[in-house]
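Novice: Return a 3D structure for these sequence lines:
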Amino acid sequence: MTVLGPKLVAARAVGALARRAGRGGGTSLPGKVLIRLEPEAISELAARLPQGSAIVSATNGKTTTTAMIASVLERAGISTVHNRAGANMAGGVASTLLAATRPGGRIDGELGLFEVDEFWLAAMVEQIGPRAILLANLFRDQLDRYGELETIADRWASVVSGPGRGARLVLNADDPLIADLGRDHPHVTYFGVQDDAVTMPEMQHAADSKHCRRCGAAYVYDAVYLGHLGRYRCPICGQMRPTPTVRAEHIRLHGTRGSTFTLQTPAGQAELELPLPGLYNVYNAVGACALCLALEIPFDSIVAGLEAVIAVFGRAETISVGEHELSILLVKNPAGANAIFRTLTLEDSELDVLAILNDRTADGRDVSWVWDADYEILADRVRRVTCAGTRAAELALRLKYAGVPVERLHVVPSLPAALDAALAETRGGRLFALPTYTAMLELRDELAARGSAPPFWRAREG
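Specialist: Predicted structure coming up:
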């Protein structure tokens, strides 16, 4: 057994105790213990992966994007060490590597696939030394924790010019902050959307990166797709959106059921049927494709994997609850919320909604972002909204100002009671849940307690 061996045993024992105590196998506690015992554990274990690693980071969509990549790699016959539970800080990455390490020190997996929290990107790139890095977007999120977007962009710029310079960089051309990271990088692939049929009529209030980082002038947008994502150019210095070599064209959005589009790449073209909804998942799919191409995965495996992907926990996941279908759509910041709202407006009938707003640490204590999200999009589409969570009343007030009639608003702070009330009043058999992050976890726990879903840790690891 290696010198690291006894420390692995001790950390693994902590995980087993946590599981028996009902804390779940997907927690980051074992990894935190391992890092405390051996600060270089992530570096040592990651170095044992035969095909190296890939890292994915973004404000929105990293869990779904890594699930798409994992689906592709499975079709390509490549086994992964993947933090599919969504624990994306150092402890979670260490827990994932720990769980994959067998007696004697062998890693049970060929390629590491890690989603990484925006704030932890620098540390994880330095420790893991990935072959490829996918950076998908930067949106305003948890300002009380992260600060302004430019702060994160500066940190990321240091990563790609420093420890990540030897990696293949995969960047979203449609996000100005992200595209800028690749201007001087030697190995970069750009992805994006190229379809005027899905453009927004104007820039949304929640849009963030609207100014050129080179000269400070406001960008001119020829097309706006999602938030500040689109085709842009600077009228002063001439900086403009790079041409994406991996892109989605001829996009057709089919409400919350999925989408179809033409996937255009240097390796080939395909008409792709994506079983996940919204333009935001089109972006996730194109980014996943670009990363897989950087890893030299065959194009046929990429198409098959994307078409077979299953909704990740809480991200357009649909669960049967008695006679109803409950669709869970995570809402955590203005840009993500607007993308969800836009998708919901494509549904044929009025909407029954369970909206849950928490202000716990993992959500961000500052919930003023709800005033930047365009709830007005849904105002004339909802039949009933049940508001729950620690800030249920504030959410109901926001919806009132958005134009939802007060008789359609019902405040039930307790999540179990709110779920009962929403299900009892749902018409048409389908209820849409729009929870923030901790509310999503609570909702899944409640559904598990009712026998409608597997226990949280099993769902996240299975």
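Novice: mind checking the SS state of the nearest residue to Ala11 once chain neighbours are set aside?
Specialist: Closest residue to Ala11 apart from its sequence neighbours, by Cβ to Cβ, 6 or more residues apart in numbering: Leu34 at 3.8 Å. C-beta coordinates here come from the backbone N, C-alpha and C atoms, glycine included. Assigned with DSSP: H, G, I helix; E, B strand; the rest coil, Leu34 falls in the helix class.
Novice: Identify the residues contacting Leu34.
Specialist: Shown in contact with Leu34 (Cβ atoms under 8 Å, 6 or more residues apart in numbering): Lys7, Leu8, Ala11, Ala41, Ala94, Ser95, Leu98.
Novice: Grab the two from the residues you listed that are most spread out in space.
Specialist: With distances taken as Cβ to Cβ, the most widely separated pair in the contacts of Leu34 is Lys7 and Ser95, at 13.4 Å.
Novice: Would you mind telling me which of the two has more residues around it?
Specialist: The residue with more neighbours, out of Lys7 and Ser95, is Ser95; 28 against 18, by other Cβ atoms under 10 Å.
Novice: export the contacts of Leu34 to CSV and tack on secondary structure, distance to Ala47 and pLDDT?
Specialist: CSV is the format used below for those (DSSP: H, G, I helix; E, B strand; the rest coil; distance: Cβ to Cβ, whole Å; pLDDT from 0 to 100):
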residue, secondary structure, distance to Ala47, pLDDT
Lys7, helix, 16, 86
Leu8, helix, 15, 88
Ala11, helix, 18, 86
Ala41, helix, 11, 96
Ala94, helix, 14, 96
Ser95, helix, 17, 94
Leu98, helix, 15, 94
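Novice: Go ahead and build a PyMOL selection from the buried members of the residues you listed.
Specialist: To isolate the buried members of the contacts of Leu34 in PyMOL, using 16 or more other Cβ atoms under 10 Å:
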select buried, resi 7+8+11+41+94+95+98
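Novice: closest to Gly305 among the contacts of Leu34?
Specialist: Gly305 has its nearest neighbour among these in Ser95, at 25.0 Å by Cβ to Cβ.
Novice: ok, and the closest non-adjacent residue to that closest one?
Specialist: Using Cβ to Cβ, 6+ apart, the closest residue to Ser95 is Gly31 (3.4 Å).
Novice: which residue packs closest to the residue most central in space within the chain, ignoring adjacent ones?
Specialist: Residue closest to the average C-alpha location in the chain (Cα atoms, centre = their mean): Gly61, at 2.1 Å. Leaving aside its chain neighbours, Gly61 sits nearest to Asn284 (4.6 Å; criterion: Cβ to Cβ, 6+ apart).
Novice: Just give the number of residues close to the one you found.
Specialist: Asn284 is flanked by 30 other residues according to other Cβ under 10 Å.
Novice: Surely it is in contact with Met68?
Specialist: Yes. Assessed by Cβ atoms under 8 Å, Asn284 is found in contact with Met68 at 6.1 Å.
Novice: In PDB, list the C-alpha atoms belonging to stretch 171-179.
Specialist: What follows is stretch 171-179, C-alpha atoms only, in PDB (Å, rounded to 0.1, in the frame of the first residue of the first chain):
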ATOM      1  CA  LEU A 171     -14.800  28.500 -25.000                       C
ATOM      2  CA  ASN A 172     -18.200  29.900 -25.600                       C
ATOM      3  CA  ALA A 173     -17.700  32.400 -28.400                       C
ATOM      4  CA  ASP A 174     -21.100  34.000 -27.600                       C
ATOM      5  CA  ASP A 175     -20.100  35.200 -24.100                       C
ATOM      6  CA  PRO A 176     -17.700  38.200 -24.400                       C
ATOM      7  CA  LEU A 177     -16.000  37.500 -21.100                       C
ATOM      8  CA  ILE A 178     -15.400  33.900 -22.000                       C
ATOM      9  CA  ALA A 179     -14.300  34.500 -25.600                       C
END
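Novice: What are the contacting residues of that stretch?
Specialist: Residues outside stretch 171-179 that contact it (Cβ under 8 Å, 6+ apart) are 134-138, 149-150, 153, 181-182, 188-193, 209, 212-213, 219, 225, 228-232, 241-244, 283, 287.
Novice: of those residues, buried ones?
Specialist: 134-138, 149, 153, 181-182, 188-193, 209, 212-213, 219, 225, 228-232, 241-242, 244, 283, 287.
Novice: Just the ones of those residues in helices?
Specialist: Among the buried ones among the contacts of stretch 171-179, the members found in helices (DSSP state H) are Leu149, Ala153, Tyr283, Gly287.
Novice: I'd assumed Ala58 was in contact with the third one.
Specialist: Right, the one you point to is Tyr283. No. If you go by Cβ under 8 Å, Tyr283 and Ala58 don't touch, sitting 9.4 Å apart.
Novice: what's the overlap in contacts for those two?
Specialist: Residues within reach of Tyr283 and of Ala58 at once, by Cβ under 8 Å, 6+ apart, are Ala136, Asn137.
Novice: re earlier: now the residue nearest to Ser95, what's its secondary structure?
Specialist: At Gly31 the chain is in helix, as set by three-state DSSP.
Novice: For it, the count of nearby residues, please.
Specialist: Look at Gly31: counted by other Cβ under 10 Å, it has 27 neighbours.
Novice: for the one 4 residues further on, same thing?
Specialist: In terms of burial, Ile35 registers 22 neighbours under the definition other Cβ under 10 Å.
Novice: That one contacts Leu45, doesn't it?
Specialist: No. Using Cβ under 8 Å, Ile35 is not in contact with Leu45, being 10.9 Å away.
Novice: what's the overlap in contacts for the two?
Specialist: Common neighbours of Ile35 and Leu45 (criterion: Cβ under 8 Å, 6+ apart): Ala94.
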